[in-house]
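# just coords:
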């Protein structure tokens with residue numbers, strides 16, 4: 001769970017152009033276990049931007065038995081939606097700038 005939170009925080013911080021703090025875990029679904037030896041990849045994208053908050057959707061995939069050389073395929077192991085708030089140097093909520101795109 002902490003790795004998912006960190007990955008989502010990177011995405012939110014990039015969009016917020018600065019520091020963010022986790023304020024909510026809206027959903028966290030464990031679909032399959034992560035096994036010892038799995039190569040784990042986390043992918044995410046912004047799904048909502050408010051005045052001070054950003055919600056990020058994340059998916060976690062595990063590549064099975066990649067170390068042994070035996071192909072085991074890639075399976076989705078987790079899905080999650082987390083919300084972050086943009087914070088200033090005093091750890092107070094701050095406005096998120098408009099998307100530069």
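Received, thanks. Here the structure is a predicted model, which is why all the values come from computation and not from measurement.

# Mind listing the residues bridging to residue 60?
Applying DSSP bridges to residue 60 gives these bridge partners: residue 42, residue 78.

# now the helices: where do they sit in the protein?
Secondary structure of the chain (DSSP state H): helices at 2-16.

# got any ranges where it has weak pLDDT?
Under the criterion pLDDT under 70, the flagged ranges of the chain are 66-72, 101.

# one more time with 90, if that's ok
35-38, 64-74, 98-101 (pLDDT under 90).

# Tell me where it has strands.
20-30, 39-49, 53-63, 74-86 (DSSP state E).

# mind listing what's buried in the last one?
Right, the one you point to is strand 74-86. Within strand 74-86, the residues that count as buried by 16 or more other C-beta atoms under 10 Å are 75, 77-78, 80-86. All C-beta atoms are positioned from the backbone trio N, CA, C, and that covers glycine.

# and these as JSON lines, adding distance to residue 17?
Compiled in JSON lines, the buried residues of strand 74-86 are given as follows (distance: C-beta to C-beta, whole Å):
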{"residue": "75", "distance to residue 17": "35"}
{"residue": "77", "distance to residue 17": "31"}
{"residue": "78", "distance to residue 17": "28"}
{"residue": "80", "distance to residue 17": "23"}
{"residue": "81", "distance to residue 17": "22"}
{"residue": "82", "distance to residue 17": "19"}
{"residue": "83", "distance to residue 17": "17"}
{"residue": "84", "distance to residue 17": "13"}
{"residue": "85", "distance to residue 17": "14"}
{"residue": "86", "distance to residue 17": "8"}
